[in-house]
Structure formats: structure tokens, C-alpha cells
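J.: any chance you could fold what I've pasted below:
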Amino acid sequence: QWFALSPGANPDMPVGAGPWLDDNAACCKHCVWDLGYPLIDPIVLSTDRTNTNASLHLDCGKFEREFDALNIGPEPMHLTIEEMEPYLEYGVNKYLVAEGRLNKLSVFEQADLNLDNLISKEEWFVLRHFWAP
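T.: The predicted model follows:
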């Protein structure tokens, strides 16, 4: 049986993982159980962040803030390929693009699940959950 123990919680009274996830991180249940997230990979929730490598990339809490920061154009709640450009020119994405290992247009087209040439917030969440950098 799995248990969740939040910082400051009583270690003698851990909370079952299922109820804790229902209350605090329902989206993690989807990733872990429905999508077959690798069990060997630690799940670090944004409320329990540390300075580990995983915490820099698996922070679902920042995805909405990223989308909102990029969404500066005329289409509210949708990203154009031009608006998505800064994301693809940052960090490891910048390196992969420069090395010819990542094609910006291909990333945009694959993220555009409904083929409307825009990335909705929901499509952004899907992209960010499966392309972490």
C-alpha cells in the first residue's frame, strides 16, 4: 500500500495515496495510472518541490503560467506558432533545434491535436506533460 506524507504531517498517521491524490493532485492519477508513467521515476509534486533534476522538469503547476506568458497574440487562449517560438528557443529545446534534432514546425503540428493551426491550453498541457523540457 502506498502512503503520502506531506511536509509537517504526522509520520505516525500517513494518509493513503488514493485519497491524498484525489484531494491534492488528481491529474497525477491520470498520468501515473492511466498513462503508465514509469514506476521507477519519482513523482515530485509542485507543492513538495526540491532542487532535484526531476523537480525542474516535472512541475505540472508551471504549465498554465507558461501558457499564459506565451499567449500574447490576438487569439485568446490559443498559441500561434510564433507565440510558441520562445518555448522552443529555451533550454534543451534550443540545443536540440540548433543541432537539427528538433523541428519547431513538427513540434507545433504534433501538439495541434484538433488541426486548427493553434495550440489551445488543453493541447499545451498535453504537450508539456509529454515533452518536459
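J.: helix or strand: which one has Tyr95?
T.: Using DSSP states H and E, the element containing Tyr95 is helix 91-98.
J.: measure how the next helix or strand after that helix sits relative to helix 91-98, angle-wise.
T.: Going down the chain from helix 91-98, the next helix or strand is helix 104-111, by DSSP H and E. If you take axes from the mean of the first three to the mean of the last three Cα atoms, to 10 degrees, helix 104-111 sits at 120 degrees to helix 91-98.
J.: which stretches of this protein have low pLDDT?
T.: The model of the chain has pLDDT under 70 over residues 1-18, 20-61, 132-133.
J.: pull out the buried residues from the longest helix along the chain.
T.: Determined from DSSP state H, the single longest helix within the chain is helix 121-130. Residues Glu123, Trp124, Leu127, Arg128, His129 are the ones in helix 121-130 that count as buried (16 or more other Cβ atoms under 10 Å). No exception for glycine: its C-beta is placed from N, CA and C like everyone else's.
J.: which residues touch Glu85?
T.: For Glu85, the contact set (Cβ atoms under 8 Å, 6 or more residues apart in numbering) comprises Lys104.
J.: wasn't it part of a helix?
T.: Yes. Assessed with DSSP: H, G, I helix; E, B strand; the rest coil, Glu85 lies in a helix.
J.: ok, the buried residues of helix 121-130 vs Tyr90, which is closest?
T.: The nearest member of the buried residues of helix 121-130 to Tyr90, counting by Cβ to Cβ, is Arg128 at 12.9 Å.
J.: remind me which helix or strand the spatially closest residue to that closest one that is not a sequence neighbour belongs to.
T.: Of all residues not flanking Arg128 in the chain, Phe63 sits nearest, at 4.4 Å (Cβ to Cβ, 6 or more residues apart in numbering). Here Phe63 sits within helix 63-70, counting by DSSP H and E.
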